[in-house]
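Colleague: Below are the sequence and a predicted model for it; my questions follow.
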Amino acid sequence: MASKALSLTLYNLLLPLGLVLMLPGAIIKMRRRNGRWQDLAQRLGFLPREVRTAIDALPQRERFWVHAVSVGEVGVAKKLISRLLKTDAHLGIVLSTTTPTGYALAAELAAQHAGRMVAIYSPIDLPGVGRLMLESIQPTQLVLVEAEVWPNLTASATRLGIPVSLVNARLSPRSARRYQKFRALIGPVFGMLKQVLVQEPEDVARWQGFGVGAGHIHLTGSIKYDPEGSVVPAIKIEELHSVRALAGIAEAQPTLLAASTHAGEEVELARVFLRLRAHIPQLALLIVPRHVERRTEICAELQGIGISPALRSVPNSRVDASAPVLLIDTTGELAAWQHLATLVVVGKSFLAEGGQNPAEAALAQKPVLFGPHMENFTPLVDLLLKHGGAQQVADFAELESACRTLLQKADKAALMAKAGHDALRTHEGATMRSVERLLGK
């Protein structure tokens, strides 16, 4: 096992090369997602005066810096932060995120907790940058969400005597195999963590294998799958009912929702939708791509098969009655849209590896289907399949058959929806258990 100093030295030798290689793609993504050049100053540790003032005004006796990367992790952080603030009236929180879409959600959450929470962009993990941010924020604890153990930031916090916790810790079998190749270098970094709060029993052994002591690993369950805090406000659902109606999709129409789709999946799912309409003429399709900046590409592909989608972002945009498709090209609404679906199909599970999170659909009590590639969610998939709360299909042809069955047999669809929702009760209380660990209760 390498020493901590050697691990950091090798990491910092390789980091500049990695940043240079990633820079062109990062700039393109930033512009597509409405990022701003001035936000880069925060990434280098320099906070605007108004942000520093807001942080200084936060409670000082207990102050957490919570870091989440993008939309998915911010969703976990939102549930955690809401419960933390309710539990400890003297706690202040700074939430950092990396992407413009994640920051938009973080800023919205901060506005709801004005005076007790501030949203910022996360620092790039260059030597000294994390320390500069830590000295500005002065947290009593650094809380990392899911998998964001940045070596320099973690080491800087450790040197300053700031405990570092990893919550909702995620280490899939595939990630574990990949990390195993670099165990000697990764182990010392993971060994700096005060505590690792894991989602599944099998995660305990995985984290032990990477240098985290058994006494620092605690099984809390998944915050993401915890029913607590997962209720979508009724006013938001009503808003989307109105959006759908104005687009020309009636409330009574059966609706297929394609969730968090990736490149190539939209057009294939649209083809499935068109074939299904031969048997279910009233069927409508909602497409929620993982990356909304692909809207132009998606529209072009759909138009190539004769579909002219309405756009969520365009007021008064209406679907074509012969193929009613609404493209949700806005962020932060997927959980609410799933409440309006009859059936949910999970993206990134057909033409890419890893899959996307099916828990929101199950929590919304909707029948959920996904393709063969759900590697990043193996424990959840196994749980849902074991209880009959989801269906996994091999390809688009099998998906079409499964969708047709569930759309035509409401009783079977209802049983699957209930089973999926009930299965997630194994994670009930995960948010509160995590809060208790963080607050030392």
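Modeller: In hand now; what should we look at? Model, not experiment: these values are computed from the prediction.
Colleague: Now do the helices in the stretch 101-250 of the chain.
Modeller: 129-137, 151-159, 173-180, 183-190, 201-208, 234-246 (DSSP state H, counting those that start in this stretch).
Colleague: Among those, pick out the one with the most neighbours on average.
Modeller: Neighbour counts (mean count of other CB atoms under 10 Å) averaged over each of the helices of the stretch 101-250 of the chain peak at helix 151-159, with a mean of 22. No exception for glycine: its C-beta is placed from N, CA and C like everyone else's.
Colleague: Any chance you could spot the residue sitting in the middle of this protein?
Modeller: Nearest to the geometric centre of the chain sits Gly72, at 1.2 Å (CA atoms, centre = their mean).
Colleague: State the helix or strand in which it lies.
Modeller: helix 71-87 (DSSP states H and E).
Colleague: Would you agree Gly45 is in contact with Pro123?
Modeller: Yes. Using CB atoms under 8 Å, Gly45 makes contact with Pro123 at a distance of 5.0 Å.
Colleague: that older thread, nearest to Ala336, out of the helices of the stretch 101-250 of the chain?
Modeller: helix 234-246 (4.7 Å; CB to CB).
Colleague: ok, and what's touching that closest one?
Modeller: 251, 286, 312, 316, 318, 326, 333, 336-337, 339-340 (CB atoms under 8 Å, 6 or more residues apart in numbering).
Colleague: for stretch 200-210, same thing?
Modeller: 169, 171, 176, 179-180, 183, 186-187, 190, 196, 198, 214, 217, 219, 222, 379.
Colleague: Show me what the nearest residue to Leu219 once chain neighbours are set aside is bridged to.
Modeller: Nearest residue to Leu219, sequence neighbours excluded (CB to CB, 6 or more residues apart in numbering): Val198, at 5.6 Å. For Val198, the beta-bridge partners are Ala169, Leu219 (DSSP bridges).
Colleague: need the contact list for Val198.
Modeller: Taking CB under 8 Å, 6+ apart, one finds 169, 171, 204, 207, 217-220 in contact with Val198.
Colleague: from the residues you listed, which has minimum pLDDT?
Modeller: Lowest in pLDDT among the contacts of Val198 is Leu171, which has 77.
Colleague: Correct me if wrong: it contacts Arg177.
Modeller: No. With contact defined as CB under 8 Å, Leu171 does not count as touching Arg177 (10.3 Å).
Colleague: follow-up on the earlier one: name the member of the contacts of Val198 with the most neighbours.
Modeller: Per-residue neighbour counts (other CB atoms under 10 Å) across the contacts of Val198 peak at Ala169, which has 27 neighbours.
Colleague: Model confidence at the nearest residue to Pro289 once chain neighbours are set aside, what's the number?
Modeller: Nearest residue to Pro289, sequence neighbours excluded (CB to CB, 6+ apart): Thr261, at 5.0 Å. Thr261 carries a pLDDT value of 97.
Colleague: residues near Thr261, how many?
Modeller: Neighbour tally, Thr261, other CB under 10 Å: 27.
Colleague: so how far is Ala359 from it?
Modeller: Thr261 sits at a distance of 17 Å from Ala359 (criterion: CB to CB, to the nearest Å).
Colleague: quick one on the thing from earlier: out of the contacts of Val198, the closest to Ile307 would be?
Modeller: The nearest one, if we look at the contacts of Val198 relative to Ile307 and count by CB to CB, is Leu171, at 40.1 Å.
Colleague: For the closest one, which non-adjacent residue is closest in space?
Modeller: Leu171 sits nearest to Arg206 (CB to CB, 6+ apart), 4.9 Å away.
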